[in-house]
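Visitor: model the structure of this input:
(chains A and B)
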Amino acid sequence: MDTFSDSESPLKLMIVDDSNIIRRRIERSQQIARLQVVGAASNGREAVELFRRTRPDVVTMDLTMPEMDGVECVGQLVAMKSDVLILVVSALADKATAVEAIARGANGFLCKPFTDRQLNDALADLLSEV
Amino acid sequence: MLKEAEIRTFIRGVTHYFETSTQQPASVGSPYLVTDGKPGAYDYTGIIGVSGARRGIVYFTAPRGMLTVLLMRMQETDTSDANIMDLVGEVANTISGNARRDFGKQFAISVPTVVANDVDKFTAPHFRSFVIPINWRSHSAKLVVCLE
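Guide: Coordinates of the predicted model:
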């Protein structure tokens, strides 16, 4: 599934989800060699702090979370680093939510539940923008 | 009161969840109406509050054995109580969130609240609930939809 050559530079990945199971699932299932997980956060507020410290290139972002939801968090991350690539991974399946997340600066949307293949395809699509 | 088409939305959510997450389909029994305010629960229950255009709760409840096997099917080796509670909340969240495909953004959902081993810790907002029985492998669970 990884379509990127070894010579391409690694990219830092941050995983944001209030579910530990989903955070671990994304870390375990993503097969793109360029991506190196630099951290995981369980809500938007933690994500903003972690983002400041680690400056990731790619983020997977849940939407329904305590403290700060994903849509607001997307806006804050993009304000800190305009070229960050954000894949929203959410159960919220209505079009309006996806459109709002994209409008805030997200680059892709993957609906839960997802298979490993769907996750990797979505990440590969995201990285094709690099 | 839920319409038949709305119940089908939740049935689709249940079958899609198990098919996609475990590659093992679940079967769904005939939904039934409970009018005494006691739709019942298994060991662990993930509860989603609904507000906006509809008000009430949606909950997924399952026995520990089923949730343990479900975690294993998802390649999760940590079957601690914390992960079991995480999972039951995530299932409730996913099925409720997917319902917005049909109900739209006005179907606002909360983050999950999880209750273990004590169904009396939460109460349905009114007496009428639809129960969707779920059978997966040798296990039984249920999705309860209690919306005004």
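Visitor: OK, contacts around the residue in chain A positioned nearest to chain B?
Guide: Chain B sits closest to A:A91 of chain A, with a gap of 2.8 Å, by C-beta to the nearest C-beta. Where you see a C-beta, it was placed from the backbone N, CA and C, and this is true even at glycine. Listed by C-beta atoms under 8 Å, 6 or more residues apart in numbering or on different chains, the contact set of A:A91 reads A:T64, A:C111, A:K112, A:P113, B:N93, B:T94, B:I95, B:S96, B:G97, B:N98.
Visitor: and with 10 Å instead?
Guide: A:62-64, A:97, A:111-113, B:13, B:17, B:90-101, B:109 (C-beta atoms under 10 Å, 6 or more residues apart in numbering or on different chains).
Visitor: in strands, which of the residues you listed fall?
Guide: Of the contacts of A:A91, the ones assigned to strands by DSSP state E are A:C111, B:I109.
Visitor: which ones among the contacts of A:A91 map onto helices?
Guide: Among those, the subset assigned to helices under DSSP state H consists of A:97, B:13, B:17, B:90-98, B:100-101.
Visitor: among the residues you listed, which two are most distant?
Guide: A:T97 and B:V91 (19.6 Å; C-beta to C-beta).
Visitor: near A:A33, how many other residues are there?
Guide: When neighbours are defined as other C-beta atoms under 10 Å in any protein chain shown, A:A33 has 13 of them.
Visitor: sorry, slip of the keys, the one I care about is A:D69.
Guide: A:D69: 18 neighbours (other C-beta under 10 Å).
Visitor: thought it was touching A:Q76?
Guide: No: A:D69 is beyond contact range of A:Q76, at 11.1 Å (criterion: C-beta atoms under 10 Å).
Visitor: overlap in contacts, the two.
Guide: A:G44.
Visitor: higher neighbour count, A:T97 and B:V91?
Guide: B:V91 (29 against 23).
Visitor: quick one, what contacts B:K142?
Guide: Residues near B:K142 by C-beta under 10 Å, 6+ apart: B:14, B:28-29, B:31, B:39-42, B:45, B:59-62, B:131-135.
Visitor: what about 7 Å?
Guide: By C-beta atoms under 7 Å, 6 or more residues apart in numbering or on different chains, the contact set of B:K142 is B:T61, B:V131, B:I132, B:P133, B:I134.
Visitor: how about TSV for the residues you listed, with distance to A:L123 added?
Guide: Formatted as TSV, the contacts of B:K142 follow (distance: C-beta to C-beta, whole Å):
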residue	distance to A:L123
B:T61	33
B:V131	38
B:I132	33
B:P133	37
B:I134	31
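Visitor: closest to chain A among those residues?
Guide: Among the contacts of B:K142, and counting by C-beta to the nearest C-beta, the member closest to chain A is B:I134, at 14.6 Å.
Visitor: how many residues are close by that closest one?
Guide: 24.
Visitor: for the closest residue to it other than its chain neighbours, helix, strand, or coil?
Guide: Using C-beta to C-beta, 6 or more residues apart in numbering or on different chains and skipping the chain neighbours, the partner closest in space to B:I134 is B:A141 (4.5 Å). Assigned by DSSP: H, G, I helix; E, B strand; the rest coil, the conformation of B:A141 is strand.
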